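Enquirer: got a sequence here, can you build the structure:
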Amino acid sequence: MADNRTEKPTPKRRQKAREEGQAVRTRELPSALVLLGGVFLLSKLVPLWTSGWHSFFESVLAQATTHDIGLSTPLFHWTLLAVAKTSAPLLLAAGASVLVANVGQAGFTLAPSALAPNFSRLNPGKNLGQVFSLQALSRTGKALIPAAAIAYVFVAILSRDWTQLVQLSGIGTAALSWIGGRLFEIGWKSGIVLLAWAGLDYFLQRQAFENSLKMTKDEIKREAKEDGANPEVKGRMRKLQRKMTRKKMIAEVPKATVVITNPTHYAIALRYEPATMAAPVVVAKGLDKVAEEIKRAARWYNIPTVENVPLAHALYRSVEVGQTVPAKLYQVVAEILAFVYQMQARMAAQQRRTSQPSRGQRVQ
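Expert: Sure thing, here's the model as predicted:
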């Protein structure tokens, strides 16, 4: 049957996969970082280790000449302390490399469901089947590719320096330095090979992971239906609807005839056209922040603003946006509209007078 998973995963699907511990990770990246970090750290620590162990053996031999320490507790403690000082930097560097590699690939993920005990993993038959499965064969084949590349690096360096290698017996203690240099070269070049392979493997793993998260159209519809019943989703939808309604309401303020305020908390925008309307209509109303937006829009578009506390309260509580003013408030609203019309008429007359030339002044 054809695979119908052609749709991109939704955020909810990605979150669910993350909660289950599914993430894009390549096992080669921690190995590459541990190898590179270990090689470069060793190149810096070997001289310190040489002097440290030299001092250790001097102390042990000095104690042996004056005391019969044998396999006593002090000797054991000294040895343990020397080993700890030697291995601690490497262990810390390896741990830091693994942590950085894993967190860097998929972030910090805590998946309780993945930590739950799964006794089916202890089934010998199932585990044996996984050992001889195609997936195990694929992992083995993938591991052989970087191994072959590292083997090539080793053989190439060995072939290049073969002449010097066969002459090591004649250069005395300098042979140790020469061998250390070649081992360092093999180490960091092998680390680079592993790092390149880890990048390629991560890309392939990401492609496979994205394909595994793809959904069918039915799954997307089912998820959308489930989200419709989610209180959080409903809350976000209501908030978005309120925001869109407020934006649409503020856009109607320029059509208003007057804005009634209380004046600090309430603002109600009324529109009235005597030729087409039987009564004024509330085109916008708001409280606090919304009221400030209405008043700001009114100032911008030169809409008259009238302060009337009782009327503002009555209109806000009894009339919704798009409804006409109730009959009991007709007289108060009519008085305010009459006052606004008179003010507008006086301002228009004053503008006409100022725009006309005075007597005796000749118009050019």
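Enquirer: backbone dihedrals for residue 287, please?
Expert: With angles defined as degrees, to the nearest 10, residue 287 sits at phi -120, psi 140.
Enquirer: swap that for residue 320, sorry
Expert: phi -90, psi 160.
Enquirer: and for it, the neighbour number?
Expert: When neighbours are counted by other CB atoms under 10 Å, residue 320 registers 8. For glycine as for every other residue, the C-beta is placed from the backbone atoms N, C-alpha and C.
Enquirer: so the closest residue in space to it that isn't next to it in sequence, which of the three states?
Expert: Nearest residue to residue 320 in three dimensions, chain neighbours excluded: residue 282, at 7.1 Å (CB to CB, 6 or more residues apart in numbering). Following DSSP: H, G, I helix; E, B strand; the rest coil, residue 282 is assigned to strand.
Enquirer: bridged to residue 282, which residues?
Expert: Counting by DSSP bridges, residue 282 forms beta bridges with residue 270.
Enquirer: lowest-pLDDT helix or strand in the chain?
Expert: helix 112-115 (a mean of 51; mean pLDDT, DSSP states H and E).
Enquirer: ok, the residue nearest to residue 320 - contacts?
Expert: 268, 269, 270, 315, 319, 320, 321, 322, 323, 324, 325 (CB atoms under 8 Å, 6 or more residues apart in numbering).
Enquirer: now with 10 Å, please.
Expert: Taking CB atoms under 10 Å, 6 or more residues apart in numbering as the contact definition, residue 282 lies against 249, 252, 256, 260, 268-271, 315-316, 318-325.
Enquirer: what does residue 274 give?
Expert: Residue 274 touches 280, 337, 341, counting by CB under 10 Å, 6+ apart.
Enquirer: what are the ranges of the strands in the chain?
Expert: 258-261, 266-271, 281-287, 305-307 (DSSP state E).
Enquirer: contacting residues around the shortest one?
Expert: I take that to be strand 305-307. 256, 258-264, 267, 269-270, 294-295, 298-299, 312, 335-337, 339-340, 343.
Enquirer: 6 Å instead, please
Expert: Contact partners of strand 305-307, identified using CB atoms under 6 Å, 6 or more residues apart in numbering, comprise 258, 259, 260, 261, 263, 298, 336.
Enquirer: of these, which is the most crowded?
Expert: Neighbour max across the contacts of strand 305-307 (other CB under 10 Å) = residue 260, 28 neighbours.
Enquirer: what bridges to that residue?
Expert: Bridge pairing for residue 260 - DSSP bridges - gives residue 268, residue 306.
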